[in-house]
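Asker: my questions concern the predicted model and sequence given below.
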Amino acid sequence: MDPYKTIISCTNQKGGCAKTTTAVNLATSLAEGNPSMGIPPAKVLLIDLDPQGNASTSFGVDKRLDVPTVYDLLMQPSDGTLNVHDYLIGPDILTDEMQRAFKNMNQDSRIPPRLKVENLYLLPSNIRLSGAEIELATKLGRETRLREALAPVMDDFDHIIIDTPPSLGLLTINALAASNWILVPVQAEYYALEGMSQLMNSIRLIQKRVNNHLKLFGIAVTMYTPQSKLSAFVEGEVRKHFGEDVFQTVIPRLMSIAEAPKDGAPVVLLKKPTKRNKGSKQYWGLAKEAHQRILARRAEYGVNPESVLRREAIERGDPEHIWDDIED
Ligand SMILES: Nc1ncnc2c1ncn2[C@@H]1O[C@H](COP(=O)(O)OP(=O)(O)OP(=O)(O)O)[C@@H](O)[C@H]1O
Ligand SMILES: [Mg+2]
């Protein structure tokens with residue numbers, strides 16, 4: 001695994017701290033890109049590694065039991081015969097699912113033209129994955145099954161983002177073994193810091209035993225209540241302990257963010273990132289910071305890999321000039 005690759009696990013064993021919301025919005029905005037913010041579009045794979053399947057439902061994807069999911073990939077025989085691409089929901093179907101979900105919830109409204117994705121692929125999950133922790137326990141290479149499954153498609157995506165369950169069990173270990181980076185969302189509330197030292201210890205263990213490429217990508221303060229002394233206190237403590245690792249962008253607690261999954265799409269797609277739409281604006285701000293960190297990491301390793309989207313466009317024979325204003 002190349003150390004500069006962008007494979008980010010969104011992880012915190014604490015429940016409900018916005019892991020899924022952050023993973024989904026980050027994956028979507030990095031895929032979509034925003035030239036005025038200096039974010040080029042990118043080919044992104046979002047992996048739902050949580051049996052709750054919340055990342056899948058965030059796009060209105062129906063968690064039926066009969067669809068192939070990440071579970072099948074983890075359980076495959078060790079000859080690695082399954083092809084990840086056969087398990088992905090591509091941008092066209094993802095767009096259909098989002099639009100269908102929006103129409104179901106908003107019968108009288110027109111589907112917003114913004115409600116589409118182009119470069120985003122989802123590896124879905126459902127409740128079958130809940131058996132994986134126990135089933136994996138007796139399997140050979142149980143910690144690195146995801147990494148092995150992803151190896152053949154590593155060069156097919158610019159970025160891979162993994163949403164993990166609220167535990168430090170085998171599923172999360174598989175995510176961290178397959179990642180270069182860990183993004184930790186921290187809810188701006190009193191108990192947020194409890195559990196952080198356990199999480200940091202687990203990261204150190206994974207670095208030592210399974211994946212020495214794993215590094216902290218950043219800590220995102222989420223669900224921040226403006227005017228709340230408690231939120232300000234928690235943010236201050238997080239910054240005091242983790243310094244530069246904490247993203248400048250803070251995600252506020254807002255109905256627009258909480259309600260977005262009901263409309264079948266992440267808030268960064270549903271709402272334009274304007275002053276009035278603070279939820280979308282802040283998640284786009286986080287994506288901008290994330291992109292800058294990705295560039296810094298590549299510079300550190302002295303590599304500037306060609307964008308997968310650009311390579312594919314050239315292979316298709318698309319005119320190259322369309323890339324001029326969106327490349328870095
Ligand atoms: N900034 C926010 N403002 C308001 N509600 C939010 C915000 N971020 C997330 N939520 C809501 O809080 C709940 C928990 O968020 P989310 O599912 O992203 O957390 P999680 O860490 O993935 O949870 P779990 O540990 O169960 O996987 C969800 O209902 C989500 O819609
Ligand atoms: Mg979640």
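Answerer: Sure, I can see it. Numbers count the residues shown, from 1 in each chain. Ligands and ions are numbered 1, 2, ... in the order given.
Asker: ok, what's across the strand from whatever residue of the stretch 101-250 of the chain ends up closest to ligand 2?
Answerer: In the stretch 101-250 of the chain, no residue comes nearer to ligand 2 than residue 163, which is 5.9 Å away by C-beta to the ion. C-beta: built from backbone N, CA, C; applies to glycine. For residue 163, the beta-bridge partners are residue 10, residue 48 (DSSP bridges).
Asker: please determine how far it is located from residue 199.
Answerer: Distance, residue 163 to residue 199, using C-beta to C-beta, to the nearest Å: 16 Å.
Asker: the two - which one has more neighbours?
Answerer: residue 163 (28 against 18; other C-beta atoms under 10 Å).
Asker: show the pLDDT at residue 322.
Answerer: Looking at residue 322, its pLDDT stands at 59.
Asker: kindly apply the preceding question to residue 86 instead.
Answerer: At residue 86, pLDDT is 89.
Asker: tell me the phi and psi of it?
Answerer: Residue 86 adopts backbone torsions of phi -70, psi -10, taken as degrees, to the nearest 10.
Asker: can you give me the neighbour number for residue 95?
Answerer: Burial of residue 95 is recorded as 18 neighbouring residues (other C-beta under 10 Å).
Asker: that one contacts residue 119, correct?
Answerer: No: the criterion here is C-beta atoms under 8 Å, and residue 95 misses it with residue 119 at 11.4 Å.
Asker: buried residues, the helix or strand containing residue 92. List them.
Answerer: Under the criterion of DSSP states H and E, residue 92 resides in helix 91-105. Within helix 91-105, the residues scored as buried using 16 or more other C-beta atoms under 10 Å are 91, 94-95, 97-99, 101-103.
Asker: just those that are near ligand 1?
Answerer: Among the buried residues of helix 91-105, not one lies near ligand 1 by C-beta under 6 Å from any ligand atom.
Asker: and those residues, which is closest to residue 155?
Answerer: Residue 155 has its nearest neighbour among the buried residues of helix 91-105 in residue 91, at 18.8 Å by C-beta to C-beta.
Asker: so how far is ligand 1 from that closest one?
Answerer: The gap separating residue 91 from ligand 1 is 22 Å, by C-beta to the nearest ligand atom, to the nearest Å.
Asker: again with residue 298
Answerer: Distance from residue 298 to ligand 1, counting by C-beta to the nearest ligand atom: 28 Å.
Asker: contacting residues around that residue?
Answerer: 4, 304-305 (C-beta atoms under 8 Å, 6 or more residues apart in numbering).
Asker: repeat that for residue 114.
Answerer: Contacts for residue 114 (C-beta under 8 Å, 6+ apart) come out as 269-270, 272.
Asker: please redo it, this time with the cut-off set to 7 Å
Answerer: Counting by C-beta atoms under 7 Å, 6 or more residues apart in numbering, residue 114 touches residue 269.
Asker: distance of it from ligand 1?
Answerer: Distance of residue 114 to ligand 1, computed by C-beta to the nearest ligand atom: 19 Å.
Asker: tell me which element that residue falls in.
Answerer: Here residue 114 is assigned to no helix or strand, by DSSP H and E.
Asker: with residue 133 instead?
Answerer: With DSSP H and E as criterion, residue 133 is part of helix 132-137.
Asker: what's that helix packed up against?
Answerer: Packing contacts for helix 132-137, counted by 3 or more C-beta pairs under 7 Å, 6 or more residues apart in numbering; DSSP states H and E, involve helix 70-74, helix 170-178.
Asker: need the residues that contact the next helix-or-strand element following the longest one.
Answerer: Going back to what we said before, that points to helix 170-178. Where DSSP H and E defines the elements, the next helix or strand beyond helix 170-178 is strand 181-187. Identification of contacts with strand 181-187 by C-beta under 7 Å, 6+ apart yields 7-12, 17-19, 22, 176, 192, 199, 203, 214-223, 238.
Asker: surely residue 7 is in a helix?
Answerer: No: with DSSP: H, G, I helix; E, B strand; the rest coil as the criterion, residue 7 is assigned strand and is not in a helix.
Asker: tally of neighbours for residue 306?
Answerer: Other residues lying near residue 306 total 11 when counted by other C-beta under 10 Å.
Asker: how much space separates whichever residue of the stretch 201-328 of the chain sits closest to ligand 2 from ligand 1?
Answerer: Closest contact between the stretch 201-328 of the chain and ligand 2, by C-beta to the ion, is at residue 261 (10.8 Å). Distance from residue 261 to ligand 1, counting by C-beta to the nearest ligand atom: 6 Å.
Asker: so that residue makes contact with residue 56?
Answerer: No: the criterion here is C-beta atoms under 7 Å, and residue 261 misses it with residue 56 at 10.3 Å.
Asker: neighbour count for those two, which is higher?
Answerer: residue 56 (27 against 20).
Asker: got the contact list for that one?
Answerer: By C-beta under 7 Å, 6+ apart, the contact set of residue 56 is 48, 63, 122, 124-125.
Asker: so which residues on the chain come close to ligand 1?
Answerer: Residues of the chain lying close to ligand 1 by C-beta under 6 Å from any ligand atom are 15-21, 50, 52, 54, 166, 222-223, 251, 253-254, 257-258, 261.
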